[in-house]
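Trainee: Take this sequence and fold it.
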Amino acid sequence: MGCTTVENATFWTTKSVDFIALNSLNKCAALKLQRNQEKDNIMNQERLLTESEIKEVEKFVLNNQRFRNPHLLMVGGYDITSVRNISEKKGLVFIYGNLYTGLHHIERRHTVWHGSPFRISEDGKPNPSQFHERYVPIIHYPIIADHIFEPSNKDVEGNKKSDVFDVYVGGYIDFENHTEFYKLILYKDTKIVHTFYPKKDKNNRDVVRKFNFRRGSVSFTHDVFKGTVKITLPYLDTDNKVRYSAEWNLDSYTEIEEIVLWAHDENETHQKYAVISERKLKGPLPDIQYALYLEYTDLRWLERLIKIDDDNPAKPTPERS
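Mentor: Have a look, this model is predicted:
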């Protein structure tokens, strides 16, 4: 697996969002950090923010209010205190966190197609409530949370850990004009989000049974000169190693969209591949929002193919050129 360095202040321009990569970040080093952190999380007990870490986050937010601009999304950083989003209206802070707190916790527990196959909710149930599949966490969750964070929604009686958290429960009218109720939990007397999720499980979907992989973060590459876009979505095993990856190759000159499924060995090296779809490209090349859509949308058809190969591994194939 190759290493790519994201330079400071690199922009990806989309129709409605400018993605800015903060801090020079080596992706391979970040991935190793993420894996080590998750292994520690699995071995140890619940790990929440300490008082000093809360102050560290609040200091960063105080000095970086410009990131309340909804057209700037912060990417990079896998520390528990790494700030990923500051909501526009109320200034709510979404940290990267870990398996027990923050945005990483929310995504792994409460995002329909992106979460862990072994996820457990806050109350110990194996199938926690999930956000609607149309919602992209880094974009939509802060918007909804802003609506829930109202003094009238503060739930004092239902807060079982009032010495640690503040709890808010309220409704939000979605794109289908339906009101859904959410629970927002903040670190006490702060605007730092500990967790956030729908009260009911009406958005839950049936996932592929015995599918022992979870989605990683999508990557997006646009070669302006060649007129191509490449989108890669990795699937990780319980050791957080990439064992499969789906690759969308779109070419504006040949007007072809090709989807390739790669299988990786234990060292995450390409072992074999199969072209699972090839069709005429409809319209212009997609932007990074389409890549985010793929990361969070229903891909059960693809995951069934992965499971078939995982259950009955085919022979390795030669490396593609």
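
Trainee: quick one: contacts for residue 186?
Mentor: With contacts taken as Cβ atoms under 8 Å, 6 or more residues apart in numbering, residue 186 has the following neighbours: 92, 149, 165, 166, 167, 168, 192, 193, 194. The C-beta positions use only the backbone N, C-alpha and C, and glycine is treated the same way.

Trainee: sec struct for it, please.
Mentor: Remark: residue 186 carries the secondary structure label strand [criterion: DSSP: H, G, I helix; E, B strand; the rest coil].

Trainee: Any stretches of the protein with poor pLDDT?
Mentor: Low-confidence regions of the chain, defined by pLDDT under 70, span residues 1-45, 73, 75-76, 112-127, 202-206, 314-321.

Trainee: among the contacts of residue 186, who's most crowded?
Mentor: Each of the contacts of residue 186 was scored by neighbours using other Cβ atoms under 10 Å; the highest score is residue 193's, at 27 neighbours.

Trainee: For it, give the beta-bridge partners.
Mentor: Beta-bridge partners for residue 193, by DSSP bridges, are residue 186.

Trainee: circling back: out of the contacts of residue 186, who's nearest residue 100?
Mentor: Taking Cβ to Cβ as the measure, residue 100 sits nearest to residue 194 out of these, at 8.9 Å.

Trainee: Not counting its own residues, what contacts the helix or strand residue 172 falls within?
Mentor: Residue 172 belongs to strand 165-173 when assigned by DSSP states H and E. Contact with strand 165-173 is made by 144, 147-150, 152-156, 158-159, 179-189, 194, 199, as judged by Cβ under 8 Å, 6+ apart.

Trainee: For that strand, C-alpha coordinates in CSV please.
Mentor: The C-alpha trace of strand 165-173 is given here as CSV (Å, rounded to 0.1, in the frame of the first residue of the first chain):
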residue,chain,number,x,y,z
PHE,A,165,-22.5,15.0,30.7
ASP,A,166,-25.4,17.3,29.6
VAL,A,167,-28.2,15.7,27.7
TYR,A,168,-30.6,17.2,25.2
VAL,A,169,-33.5,15.5,23.5
GLY,A,170,-35.5,17.1,20.7
GLY,A,171,-37.1,16.8,17.3
TYR,A,172,-35.9,17.7,13.8
ILE,A,173,-38.0,17.9,10.7
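
Trainee: going forward, begin numbering at 2 instead of 1
Mentor: Understood, numbering begins at 2; the last thing we discussed is strand 166-174.

Trainee: Buried ones among the contacts of strand 166-174?
Mentor: When neighbours are counted using 16 or more other Cβ atoms under 10 Å, the contacts of strand 166-174 contain these buried positions: 145, 148-150, 154, 160, 181, 183-189, 195.

Trainee: Could you give the number of residues near the residue lying closest to residue 154 once chain neighbours are set aside?
Mentor: If the residues on either side of it in the chain are set aside, residue 154 comes closest to residue 171, at 3.7 Å by Cβ to Cβ, 6 or more residues apart in numbering. Using other Cβ under 10 Å, the number of residues around residue 171 comes to 20.

Trainee: Quickly list what residue 171 is bridged to.
Mentor: In this structure, residue 171 has beta-bridge partners residue 183, where bridges are defined by DSSP bridges.

Trainee: any idea how the protein splits into domains?
Mentor: As recorded under automatic domain parsing, the domains making up the chain are 6-199, 215-312.

Trainee: secondary structure class for the residue nearest the centre of the chain?
Mentor: A centroid search over the chain (Cα atoms, centre = their mean) returns residue 108, at 5.6 Å, as the residue closest to the centre. Taking three-state DSSP as the rule, one finds residue 108 in the helix state.

Trainee: now it: how far from residue 87?
Mentor: Spatial separation of residue 108 from residue 87 under the definition Cβ to Cβ, to the nearest Å is 18 Å.

Trainee: Check residue 101 too.
Mentor: 21 Å.

Trainee: Also residue 180?
Mentor: As for residue 180, its distance to residue 87 is 26 Å (criterion: Cβ to Cβ).

Trainee: just to revisit the earlier point, so for residue 101 and residue 87, which residue has more residues nearby?
Mentor: Between residue 101 and residue 87, counted using other Cβ under 10 Å, the more crowded position is residue 87 (23 against 20).

Trainee: For the more buried one, give me its contacts.
Mentor: 62, 65, 66, 68, 69, 93, 94, 95, 143.

Trainee: same deal with residue 198?
Mentor: If you count contacts by Cβ under 8 Å, 6+ apart, then residue 198 has 107, 110, 111, 122, 123, 129, 130, 131, 132, 183, 184 around it.

Trainee: just the strands in the stretch 2-151 of the chain please.
Mentor: Using DSSP state E, counting those that start in this stretch, the strands of the stretch 2-151 of the chain run over 6-7, 11-14, 19-22, 26-27, 73-76, 84-87, 94-96.

Trainee: ok, residues contacting the last one?
Mentor: If I follow you right, that is strand 94-96. Contacts of strand 94-96 from elsewhere in the structure, counted by Cβ under 8 Å, 6+ apart, are 50, 58-59, 62, 81-88, 102-104, 139, 142-143, 191-194.
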